[in-house]
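# Provided below for reference: sequence and predicted model.
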Amino acid sequence: DVVEVNASDDRSPEALSSRIEATTQTLSSITKSKKPQCLILDEIDGAPHNSITILVNCVSGKGKKGRYTHQLSRPIICICNDLYANALRQLKTVALIINFPQTVTAKLSNRLSFICNEEMLHSNITALMMLCERSGNDIRACLNSLQFISHKTNDISIELIASKVADRKDTHKGLFDLWKEVFHLPITRKRG
């Protein structure tokens with residue numbers, strides 16, 4: 001059984017600590033499975049430094065007042081977007097780091113084509129490639145867009161993608177670009 005926790009949402013180190021302990025020390029009580037649970041900590045790069053310290057102590061077998069006396073014998077999977085976040089410096093000393101390259105548009109669009117066929121959506125590869133490009137090859141964004149569109153129609157076209165899917169480059173602007181837009185004063189010419 002898999003237990004997924006958004007590490008940036010569980011802001012208090014105590015909450016994350018109790019979740020780690022509950023997941024790694026017990027078997028699943030919901031499914032009555034004899035298999036151990038697998039803990040996945042998503043967005044670990046957004047977790048507070050104290051939470052990372054607790055995680056490192058748990059993994060290495062260290063802890064205050066004997067709380068974690070044994071080193072874990074099962075992995076904890078941590079997912080991050082920014083491997084070089086300061087909060088992760090301590091975690092990287094005890095972690096096996098596996099980098100995943102960005103998804104290639106051609107592969108993602110082929111997979112989306114397969115999914116469309118399975119879901120009985122009519123699409124063409126050009127429209128799906130446009131969807132991939134507009135989402136920055138973000139798999140979740142593509143699937144969410146397809147799900148949203150499928151509630152309206154079963155035909156996925158270039159025109160539909162162009163009108164319904166926001167271009168990612170428009171949604172991810174830098175801080176200075178946003179400041180320019182917010183604090184831009186229109187130039188007025190004096191009449192005279």
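Yes, it's here.

# for this protein, what spans make up the helices?
Applying DSSP state H to the chain gives helices spanning 13-25, 49-60, 105-118, 125-134, 139-150, 158-164, 168-171, 175-182.

# Residue 134 versus residue 127, what's the distance?
The gap separating residue 127 from residue 134 is 11 Å, by Cβ to Cβ, to the nearest Å. Using the backbone N, CA and C atoms, a C-beta is placed for each residue, glycine as well.

# Mutual contacts of those two, please.
Common contacts of residue 127 and residue 134 (Cβ atoms under 8 Å, 6 or more residues apart in numbering): residue 161.

# Just give the number of residues close to residue 111.
Using other Cβ atoms under 10 Å, residue 111 has 16 neighbouring residues.

# before we move on, the earlier item: can you list the helices of the chain in JSON lines and add distance to residue 43?
Shown next, in JSON lines, are the helices of the chain (distance: least, Cβ to Cβ, whole Å):
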{"stretch": "helix 13-25", "distance to residue 43": "12"}
{"stretch": "helix 49-60", "distance to residue 43": "11"}
{"stretch": "helix 105-118", "distance to residue 43": "22"}
{"stretch": "helix 125-134", "distance to residue 43": "23"}
{"stretch": "helix 139-150", "distance to residue 43": "13"}
{"stretch": "helix 158-164", "distance to residue 43": "27"}
{"stretch": "helix 168-171", "distance to residue 43": "18"}
{"stretch": "helix 175-182", "distance to residue 43": "20"}
